[in-house]
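Asks: Sequence first, predicted coordinates after that:
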There are 4 protein chains.
Amino acid sequence: MVPETQVENGEFAGWSTWPEEPFEHDAAGPFYFRVDEKGPVAAFRAKRKHMNAGGVVHGGCLMAFADFSLFAIAHEHIQDYGVTVAFNSEFLSGAPEGAWIEARGEVLRAGRSVIFVRGIITGDGKPCLNFSGTLMRKPKRSA
Amino acid sequence: MVPETQVENGEFAGWSTWPEEPFEHDAAGPFYFRVDEKGPVAAFRAKRKHMNAGGVVHGGCLMAFADFSLFAIAHEHIQDYGVTVAFNSEFLSGAPEGAWIEARGEVLRAGRSVIFVRGIITGDGKPCLNFSGTLMRKPKRSA
Amino acid sequence: MVPETQVENGEFAGWSTWPEEPFEHDAAGPFYFRVDEKGPVAAFRAKRKHMNAGGVVHGGCLMAFADFSLFAIAHEHIQDYGVTVAFNSEFLSGAPEGAWIEARGEVLRAGRSVIFVRGIITGDGKPCLNFSGTLMRKPKRSA
Amino acid sequence: MVPETQVENGEFAGWSTWPEEPFEHDAAGPFYFRVDEKGPVAAFRAKRKHMNAGGVVHGGCLMAFADFSLFAIAHEHIQDYGVTVAFNSEFLSGAPEGAWIEARGEVLRAGRSVIFVRGIITGDGKPCLNFSGTLMRKPKRSA
């Protein structure tokens, strides 16, 4: 299982990250996750680095964050290691620089080998991306 | 239309980028595109920054690159400005650090307002991601 | 707009259909829709004709019903005529003959030309299919 | 494995069907498949029963046929029994009554448990539906 670290300071104090994930933590992110009273949630603050040329969060950034969010949402169901098998999304609206980007969703079914997740990313509360994903559980060795 | 720049040196000399795209050029990329004798192609070299904790290119990176590739493939059909409306993908295999990541595909239909694209990303020639996307043409003003 | 008819007798008394739709009404269906206190809902009773060789509702039947359901869910947003542009789904579980098949969902965004819908099909209350679709409004003439 | 039957007469003489599939053979279909010099192919002749109210093949019919086609395309890779796990599609154009509807595609990867397929449905040679699917192999007992 990929080790997680809890953030100690700043806007995301108390949230967790997976710092051994170079792309999602350092290049595209960092993205954060935790569980609150409404369930699992993932978030980041939209900065200049996340923008596209049109001045809203890049679609590729939303999808990278959605992929991260699949694992945040399915976290308690993945004992060892999981991989994304299929991913779908629809782009509902753009989110500007400075927006609070948040993903919430639910595990639709956690089978023996396959986990189905769906969720919605919002920017300052407005729906930006609808997504669903199919994850497969894998023992780390045979990944 | 987002201005493009041609690379002058290095492995991607002669390829183009969209440098005014902060996420895809600076954070996740840079990703590159050109047209060769087989048609439009997009590419990048997998570096440490693109990896996941399992040592292969992160799924979110592949999707961000696929989103870039949709526009590289549909480039000649987008006069003004386009946005991704829907995106689908399947994860076929992992690509290790150092691999040459390349996307090729085709415009399935370019209608008056909607453009359909499909493609495959390979890592050193091995299929990694199957993707399809629905793009919508937009005059820049009403985007 | 496709004319609808209200059923007068039987299990679906009070529900509506689109009888001028040969495939969904006569071949695959009939499928039914209405609006109740929880919002728009579509339904049918799983019969032998809807089965696959494994004794559960055929995946193609679930998808045909999901396509019907997209329009049932988006009904109040489609003034003239609409077409499905993109469709995604995940198969969560099978539903046996005799099950009550029901779809509920929501319009995620109804833009000027594009409408985004997501929903879940259940069989006797158990989730069977997760789906999302992108619809495009069209004046009937230019369809 | 679901038993197949070869058609002896008519337009589809020499093609195969799965007659123990009530939905795809009797309600929505029959749909046909065979392998020719270009590889696996699935087909049917668009009749009145397959139409929507707009006079073209219903989107749900195209998806049901695409689901059938996934198994026709992956036929040699499925020893026991397989199920569709995820399905994506884009609607490229409509096909009128009387059109020859055909699906061709390829297995993108056949792993130990998961098979990835993509394909295109054409109507009289014109692309109608782009689709991709994720199948999972199952021994019949544990299906």
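Replies: Here it is on my side, so go on. Residues are numbered from 1 along each chain as shown, chains lettered A, B, ... in the order given.

Asks: Which strands and helices lie in contact with the strand ranked longest in chain A?
Replies: Secondary structure of chain A read by DSSP state E shows that its longest strand is strand A:126-138. Here strand A:126-138 touches helix A:59-73, strand A:81-91, strand A:100-110, strand A:114-123, strand C:81-91, strand C:100-110, strand C:126-138, going by 3 or more CB pairs under 8 Å, 6 or more residues apart in numbering or on different chains; DSSP states H and E. In short, each C-beta sits where N, CA and C put it, glycine included.

Asks: Okay, the closest residue to chain D within chain A and B:Arg45: tell me how far apart.
Replies: Nearest residue of chain A to chain D, counting by CB to the nearest CB: A:Ala86, 4.1 Å away. As judged by CB to CB, to the nearest Å, A:Ala86 and B:Arg45 stand 26 Å apart.

Asks: the more surrounded of the two?
Replies: Using other CB atoms under 10 Å in any protein chain shown, the more surrounded residue of A:Ala86 and B:Arg45 is A:Ala86, with 27 against 14.

Asks: In contact with the more buried one: list those residues for me.
Replies: Neighbouring residues of A:Ala86 by CB atoms under 8 Å, 6 or more residues apart in numbering or on different chains: A:133-134, B:88-91, C:90, D:85-86, D:88, D:134.

Asks: repeat that for 10 Å
Replies: Taking CB atoms under 10 Å, 6 or more residues apart in numbering or on different chains, we find A:Ala86 in contact with A:114, A:116, A:132-136, B:88-91, B:130, C:88, C:90, D:85-88, D:114, D:116, D:132-134.

Asks: and if you look at A:Asn88?
Replies: A:66, A:118, A:130-134, B:86-90, C:86-90, C:130-132, D:86-88.

Asks: Likewise for A:Ala13?
Replies: Counted by CB under 10 Å, 6+ apart, A:Ala13 has contacts A:6-7.

Asks: For the residue of chain A found nearest chain C, give its distance to A:Leu129.
Replies: Closest residue of chain A to chain C, CB to the nearest CB: A:Asn88 (3.7 Å). Remark: distance between A:Asn88 and A:Leu129 (CB to CB) = 11 Å.

Asks: quick one on the thing from earlier: I'd like the distance between the residue of chain A closest to chain C and A:Leu135.
Replies: A:Asn88 is 13 Å from A:Leu135, by CB to CB.

Asks: Equivalent analysis for A:Ser93, please.
Replies: 26 Å.

Asks: between these two, who's got more neighbours?
Replies: A direct count of neighbours by other CB under 10 Å for A:Ser93 and A:Leu135 places A:Leu135 higher, at 25 against 15.

Asks: from memory that one sits against A:Asp80, does it?
Replies: No - between A:Leu135 and A:Asp80 there is no contact under CB atoms under 10 Å: 11.9 Å.

Asks: count of residues packed around the closest residue in space to A:Thr5 that isn't next to it in sequence?
Replies: Using CB to CB, 6 or more residues apart in numbering or on different chains and skipping residues adjacent in sequence, the residue nearest A:Thr5 is A:Pro19, 5.1 Å away. The number of residues packed near A:Pro19 is 17, by other CB under 10 Å.

Asks: what is in contact with A:Asn88 and A:Leu129 at once?
Replies: Common neighbours of A:Asn88 and A:Leu129 (CB under 10 Å, 6+ apart) are A:66, B:87.

Asks: For the residue nearest to A:Asp26 when sequence neighbours are not counted, which three-state class applies?
Replies: In space, and not counting its chain neighbours, A:Asp26 is closest to B:Lys49: 6.4 Å by CB to CB, 6+ apart. Using DSSP: H, G, I helix; E, B strand; the rest coil, the structure places B:Lys49 in helix.

Asks: so how many other residues sit close to B:Lys49?
Replies: For B:Lys49, the count of nearby residues is 16 (other CB under 10 Å).

Asks: dump the residue contacts of it.
Replies: The neighbours of B:Lys49, taking CB under 10 Å, 6+ apart as the test, are A:22-23, A:26-28, B:27-29, B:58, B:61, B:97.

Asks: Just put these in TSV and tack on secondary structure.
Replies: Shown next, in TSV, are those (three-state DSSP):
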residue	secondary structure
A:Pro22	helix
A:Phe23	helix
A:Asp26	helix
A:Ala27	helix
A:Ala28	coil
B:Ala27	helix
B:Ala28	coil
B:Gly29	coil
B:His58	coil
B:Cys61	helix
B:Glu97	coil
